[in-house]
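Trainee: A structural model of the following input is requested.
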Amino acid sequence: MTPELAASFGLQVARGVVISGVVPDGPADRAGLRPGDVLLEVDERPILDARAAMSDIAAIQPGATLPLTVVRSGDPITVKLEVGERPLPQPRRQER
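Mentor: Residues are numbered from 1 along each chain as shown. So this is what the prediction gives:
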């Protein structure tokens with residue numbers, strides 16, 4: 001998160017992760033997250049970058065509920081996310 005990007009989202013501090021996409025009917029979608037939301041906290045722990053956010057969420061047992069603090073349209077909101085199992089990577093299909 002650059003200072004310029006943070007300012008464009010109305011943030012006072014350059015931290016957090018912009019959510020660029022949400023898998024339909026996935027845990028984030030069911031929690032109400034939307035592309036363009038800025039994730040600031042996971043379980044009340046500040047998020048500094050995407051890698052930290054993914055590590056924090058991956059460390060939680062599937063089925064647990066996490067509070068997430070996001071900024072949407074300049075306003076902070078808290079949503080509850082039920083942690084799901086991360087799907088296994090699918091092998092890439094080779095084009096012929």
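Trainee: need the contact list for residue 28.
Mentor: 19, 22, 81 (C-beta atoms under 8 Å, 6 or more residues apart in numbering). (Each C-beta comes from the backbone N, C-alpha and C, glycine too.)
Trainee: Can I take it that the second one is in a helix?
Mentor: No. Counting by DSSP: H, G, I helix; E, B strand; the rest coil, residue 22 is located in no helix; its state is coil.
Trainee: check contacts around it.
Mentor: Contacts of residue 22 (C-beta under 8 Å, 6+ apart): 28, 29, 33, 34, 35.
Trainee: Buried residues in the longest helix belonging to the chain, which are they?
Mentor: Longest helix of the chain, by residue count under DSSP state H: helix 50-58. By neighbour count with 16 or more other C-beta atoms under 10 Å, helix 50-58 contains the buried residues 53, 57.
Trainee: which secondary structure elements does that helix contact?
Mentor: strand 38-42 (3 or more C-beta pairs under 8 Å, 6 or more residues apart in numbering; DSSP states H and E).
Trainee: tell me the angle of the strand it packs on relative to helix 50-58?
Mentor: Counting by axes from the mean of the first three to the mean of the last three C-alpha atoms, to 10 degrees, strand 38-42 lies at 50 degrees to helix 50-58.
Trainee: Could you grab the helix/strand/coil label for the residue lying closest to residue 20 once chain neighbours are set aside?
Mentor: Nearest in space to residue 20, with sequence neighbours left out and distances taken as C-beta to C-beta, 6 or more residues apart in numbering, is residue 35 at 5.9 Å. Here residue 35 is recorded as coil under three-state DSSP.
Trainee: Just the CA atoms of the longest helix of the chain, as PDB, please.
Mentor: The C-alpha coordinates for helix 50-58 follow below in PDB (Å, rounded to 0.1, in the frame of the first residue of the first chain):
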ATOM      1  CA  ALA A  50      -1.100  -9.500   1.400                       C
ATOM      2  CA  ARG A  51       1.400 -12.200   2.500                       C
ATOM      3  CA  ALA A  52       0.900 -11.400   6.200                       C
ATOM      4  CA  ALA A  53      -2.900 -11.500   5.700                       C
ATOM      5  CA  MET A  54      -2.800 -14.900   3.900                       C
ATOM      6  CA  SER A  55      -0.500 -16.300   6.600                       C
ATOM      7  CA  ASP A  56      -2.700 -15.100   9.400                       C
ATOM      8  CA  ILE A  57      -5.900 -16.600   7.800                       C
ATOM      9  CA  ALA A  58      -4.200 -19.800   6.800                       C
END
